[in-house]
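**Q** requesting a structural model of the entry that follows:
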Amino acid sequence: MSEDVGISEYLARGGKLTAPDNAPPRYRAELMRQMASFVDSELAGAAGFADRINLGPSVAARIAAARIVMEKLDHAERILKLMGEFGANVDRYESVHPWAARIDRNEDLGVKRIGRDMRLNVFHYPIEGWIDAVVMNVLMGAATIVQLEELSQSSYQPFGDALSEILPRERRHAELGEEGMARIAEAGEASRAAVADSVDYWRPRVAATFGGAASERFELLKKFGLRHRTNDDLRDEWTARADARLGEILGR
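**A** Purely as a prediction, here's the structure:
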């Protein structure tokens, strides 16, 4: 089958590709972009959260934070192996970017990409303190679940299968964050106010991880079976989920 017509028609009918040799060049480039964004975000997220582990108010909280960091690194390694099958230099890849680097807290990147890595912009912002770490984990955890539910339907079956295995862990990460936020909210009005301030900071930055409105790239990804739902659809679902959890925990 030709790359321009046969592959697209096959994928549009729900077909799956299972190995690098099956992937035509443009498909391969877009798939690698998706995998790189996931890996870079997991590495950058783990690096930023690792610095906050010892701020946890209890041993149990620190264990939970350490578990999240460890599992995010494991997730990155799993997808890096897939990238290696496409020829990516995995050994160099792991150390080429300063994963813990952050911009000024007051900058607002919106959906504009910066730097040489492919992390989602939310992982360029610094985390300030334990409450801030928990709030970021809750909001970004909900976004990650929505995004991985979408990407786990990938037409590149090894990528989709790997994300399907990662999803339960990411759901547990979000639950751990929600449990931590509930404990903070129960500590008193000052703590609840700190949570609310942090929510106001992180919410628009997490929303930006879904990107702008549907574009020509989305149409190409949809044609290749690498995406199915628009950015706006995914953002709306995240908004509903986040509103529901925040309402339960904070009454807002």
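
**Q** for the protein, which spans come out with low pLDDT?
**A** Low-confidence regions of the chain, defined here as pLDDT under 70, cover residues 1-5, 214, 252.

**Q** pretty sure residue 224 sits against residue 9.
**A** No: counting by CB atoms under 8 Å, residue 224 sits too far from residue 9 to count as a contact (11.2 Å). In this view, the C-beta of every residue, glycine as well, is placed from N, C-alpha and C.

**Q** in the top helix by length along the chain, which residues are buried?
**A** When the chain is parsed with DSSP state H, its longest helix is helix 157-185. Buried residues in helix 157-185, defined by neighbour count with 16 or more other CB atoms under 10 Å: 158-160, 162-163, 166-167, 170-171, 173-174, 176-182, 184-185.

**Q** from the chain's centroid, how far away is that helix?
**A** The offset between the C-alpha centroid of helix 157-185 and the centroid of the whole chain comes to 10 Å, using CA atoms, centre = their mean, to the nearest Å.

**Q** how about stretch 66-74?
**A** Per CA atoms, centre = their mean, the centroid offset for stretch 66-74 relative to its chain is 14 Å.

**Q** hang on, the earlier thing: neighbour count for residue 224 and residue 9, which is higher?
**A** Between residue 224 and residue 9, counting by other CB atoms under 10 Å, residue 224 is the more crowded of the two (22 against 13).

**Q** which other helices and strands contact the longest helix of the chain?
**A** In terms of contacts (3 or more CB pairs under 8 Å, 6 or more residues apart in numbering; DSSP states H and E), helix 157-185 is packed against helix 25-50, helix 59-85, helix 129-151, helix 189-207, helix 231-250.

**Q** winner for burial among these?
**A** Burial of those is given as mean neighbour count (mean count of other CB atoms under 10 Å); helix 129-151 ranks first at a mean of 23.

**Q** next, the angle from it to helix 59-85.
**A** Note on geometry: by axes from the mean of the first three to the mean of the last three CA atoms, to 10 degrees, helix 129-151 and helix 59-85 are set 40 degrees apart in direction.

**Q** just the C-alpha atoms of helix 129-151, please, in PDB.
**A** Taking only C-alpha atoms (Å, rounded to 0.1, in the frame of the first residue of the first chain), the coordinates of helix 129-151 have been written out as PDB:
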ATOM      1  CA  GLY A 129       6.200  24.200  48.700                       C
ATOM      2  CA  TRP A 130       4.200  21.100  49.600                       C
ATOM      3  CA  ILE A 131       0.700  22.500  49.100                       C
ATOM      4  CA  ASP A 132       1.700  23.800  45.700                       C
ATOM      5  CA  ALA A 133       3.100  20.300  44.800                       C
ATOM      6  CA  VAL A 134      -0.100  18.600  45.900                       C
ATOM      7  CA  VAL A 135      -2.400  21.000  44.000                       C
ATOM      8  CA  MET A 136      -0.300  20.700  40.800                       C
ATOM      9  CA  ASN A 137      -0.400  16.900  41.100                       C
ATOM     10  CA  VAL A 138      -4.200  16.900  41.500                       C
ATOM     11  CA  LEU A 139      -4.800  19.100  38.500                       C
ATOM     12  CA  MET A 140      -2.100  17.700  36.200                       C
ATOM     13  CA  GLY A 141      -3.000  14.200  37.300                       C
ATOM     14  CA  ALA A 142      -6.500  14.600  36.100                       C
ATOM     15  CA  ALA A 143      -5.200  16.100  32.800                       C
ATOM     16  CA  THR A 144      -2.800  13.200  32.400                       C
ATOM     17  CA  ILE A 145      -5.600  10.700  32.700                       C
ATOM     18  CA  VAL A 146      -7.700  12.400  30.100                       C
ATOM     19  CA  GLN A 147      -4.700  12.700  27.700                       C
ATOM     20  CA  LEU A 148      -3.500   9.100  28.200                       C
ATOM     21  CA  GLU A 149      -7.000   7.700  27.700                       C
ATOM     22  CA  GLU A 150      -6.900   9.400  24.300                       C
ATOM     23  CA  LEU A 151      -3.300   8.300  23.400                       C
END
